[in-house]
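Chemist: Structure for the following, please:
(chains A and B)
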Amino acid sequence: MKIKKLDSFMQGVFLISALISVMAIILIGIFVFGGGIPFIAEYGLSNFLLGEKWTPSNTPAAFGILPMIIGSVTVTLGAIVIGVPVGVLTAVFMAEFCPTKLYKVLKPAVNLMAAIPSIVYGFFALQLIVPFMRRLFGGTGMNMLTVILLLGIMILPTIIGMSESAIRAVPKSYYSGSLALGASHERSIMKVSLPAAKSGVLSSVILGIGRAIGETMAVVLVAGNQPRIPDSLTQGVRTLTTNIVLEMSYATGQHREALIATAVVLFGFILVINGIFLLIKRKEAIR
Amino acid sequence: MKFNRYNKLAIAFISTIFLAACSPLEGEESITAVGSSALQPLVEAAGEQYGSENFGKFINVQGGGSGTGLGQIAADAVDIGNSDIFAEEKSGIDASKLVDHRVAVVGITPIVTPEVGVTDISLENLSKIFTGEITNWKELGGKNLPITVLNRSSGSGTRATFDRWVLTEGSKSIVTQEQESSGTVRQIVASTPGTISYVAFSYVDDTVKALSIDGVKPTDKNVKKNKWIIWSYEHMYTNGEPVGLTKDFLDYILSDEVQNTLIGALGYIPTNQMEFERDAKGMTTEVLKKTEQKSD
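Modeler: Reported below is the predicted structural model:
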């Protein structure tokens, strides 16, 4: 009887713990959408999303976030182009080829990469990648390529970690079956094990996209932050996240609402990305 | 799952923990000042000093920027709102109820990478750099090096002051690199050849070069005489006339004790040493010195 009481008491504690995270996400949603939607309604959705000018201090002020949307999407795609091949190949190596001794170093190193605060990545990029880009392309060295390289590195732990466990989760019988049919070790891994882990690898890419598009503190240091549509990869860029962090402290009135509306757009991007992630997961579960 | 009384007990238990943190201790008093990051070090230092002299009185200081400070004080959500600019200059702020306390003055100077080969610049040419008419240092007698302009982000008090006093009327800065804090601006100017930006005097160090304008050096003395025109007040706004601890603390910051020691030591210029004053519209007038009238 006593144990039963304790059980239901603890059940309550667990329930409340679970509710806290749900409540948090609901509150964030209410705050962001409640703060941003009125502005978007007033300013006009197409003016806001497709406007090419962001000049909050001018009279009349212009709040077009197309440059930031293009910036965010471009650097994220670039980061994927760099991060995915490196990350997936690293994951294959770690799961199938890596000698145990090396693995004992490599695995903690990748985990550590995930734990490094993003501002530290930012300083690393500012001290190392920026001067390198400056020597390569001239100018300030703060351009889209710098951001892409930085984000490509930053999404590695996400991609490596998830892809590796996906590859490890492929039943050993696939691999041995392939060997029995005469394929080599390498061929079996690349043609059988890796394709079988496809949905897990794809999930890791989606989460990598989420990480890249949401990254702020590292990007703001090295992006240049010019609010205009860049013509080339060697020009500076401003992303949705950096737009918010650059100006939030100074913004009042409509300017502030415009920044919260920027967060709405970012939130929308994240919802779509997570939606795709869930879809892939569900497909995998059905299979 | 059924909500029996143990669930309720659990809820009550957890809410008690959360609420327990809210009750203040007897006899203690505190106020909160929020806003300008340029003013934050001063208010923090003064607050600490005040707290050590007045037992049980606490001054909580938070940053967040001038916009936050003005917004919060206009909404009466805090006791003091710190700002680099006049409340009247900021759109979307109802300044009618706010009371201004000018606790200090900051001078702002253009800074460049040391190797550009230019140490003095005319105000007109400085404006032309920021509006994109001059794009190479050699046009100003310096090295053949393209000029990179770096601005503070839109809405920053430092930028508003710089734009107000440097850019010719009606013109706007070109779209440039932007950074959020003075510290980052200084680091980027120091490490990127040919870059120009601007910071408060207290941020200038050996890694960057402060330019003189039309032969006038960026010094506290020149600001006091208004020979160096790029300066602004640090405002501490209250919603209505201050009372109680808020009034006491503001009096403390404005007292000679703080003005003549702490403010100078932290790189600000004491308001009471200014020979000129300005209003929200930018009209600058000479202050009649009481001390001089008193002498002899």
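Chemist: Look at the closest residue to chain B within chain A and say how many residues are nearby.
Modeler: Minimum separation of chain A from chain B (Cβ to the nearest Cβ) falls at A:Gly253, amounting to 1.9 Å. Backbone N, C-alpha and C define where each C-beta goes, glycine included. Using other Cβ atoms under 10 Å in any protein chain shown, A:Gly253 is surrounded by 16 other residues.
Chemist: do B:Lys57 as well
Modeler: If you count neighbours by other Cβ under 10 Å, B:Lys57 ends up with 17.
Chemist: Please apply the same query to A:Gly224.
Modeler: 28.
Chemist: what's the answer for B:Thr284, then?
Modeler: By the criterion of other Cβ under 10 Å, B:Thr284 has 11 neighbours.
Chemist: Contacts only, for it.
Modeler: B:226, B:229, B:276-278 (Cβ atoms under 8 Å, 6 or more residues apart in numbering or on different chains).
Chemist: shouldn't the residue of chain A closest to chain B be in contact with B:Gly92?
Modeler: Yes - checked against Cβ atoms under 8 Å, the pair A:Gly253 and B:Gly92 is within contact range at 1.9 Å.
Chemist: Provide a list of residues in contact with the closest residue to B:Thr168 other than its chain neighbours.
Modeler: Spatially, and ignoring its direct neighbours in sequence, B:Thr168 is nearest to B:Ser127 (5.0 Å; Cβ to Cβ, 6 or more residues apart in numbering or on different chains). Going by Cβ under 8 Å, 6+ apart, B:Ser127 touches B:166-168, B:171.
Chemist: so which of the residues you listed is the most crowded?
Modeler: The member of these that has the most neighbours, counting by other Cβ under 10 Å, is B:Val166 with 22 neighbours.
Chemist: For it, give its distance to chain A.
Modeler: As judged by Cβ to the nearest Cβ, to the nearest Å, B:Val166 and chain A stand 15 Å apart.
Chemist: Strands of the stretch 1-150 of chain B, residue ranges please.
Modeler: For the stretch 1-150 of chain B, the strands defined by DSSP state E, counting those that start in this stretch cover B:29-35, B:57-64, B:80-83, B:98-112, B:120-121, B:148-152.
Chemist: Kindly reformat those strands as CSV containing distance to A:Glu247 and mean pLDDT.
Modeler: What follows is the strands of the stretch 1-150 of chain B, written out as CSV (distance: least, Cβ to Cβ, whole Å; pLDDT from 0 to 100):
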stretch, distance to A:Glu247, mean pLDDT
strand B:29-35, 15, 90
strand B:57-64, 12, 87
strand B:80-83, 16, 92
strand B:98-112, 19, 93
strand B:120-121, 28, 94
strand B:148-152, 10, 92
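Chemist: which other helices and strands contact the host helix or strand of A:Ser176?
Modeler: For A:Ser176, the host element (DSSP states H and E) is helix A:172-180. Packing contacts for helix A:172-180, counted by 3 or more Cβ pairs under 8 Å, 6 or more residues apart in numbering or on different chains; DSSP states H and E, involve helix A:185-188.
Chemist: Please enumerate residues in contact with the next helix or strand after the helix it packs on?
Modeler: Toward the C-terminal end, the helix or strand that comes next after helix A:185-188 (DSSP H and E) is helix A:194-196. Residues outside helix A:194-196 that contact it (Cβ under 8 Å, 6+ apart) are A:88, A:92, A:167, A:170, A:174, A:201.
Chemist: May I see the buried residues of the helix or strand hosting the second one?
Modeler: So the one you mean is A:Val92. Element membership for A:Val92, per DSSP H and E: helix A:66-92. The neighbour-count check on helix A:66-92 (16 or more other Cβ atoms under 10 Å in any protein chain shown) flags A:66-72, A:74-76, A:78-80, A:82-84, A:87-88, A:90-92 as buried.
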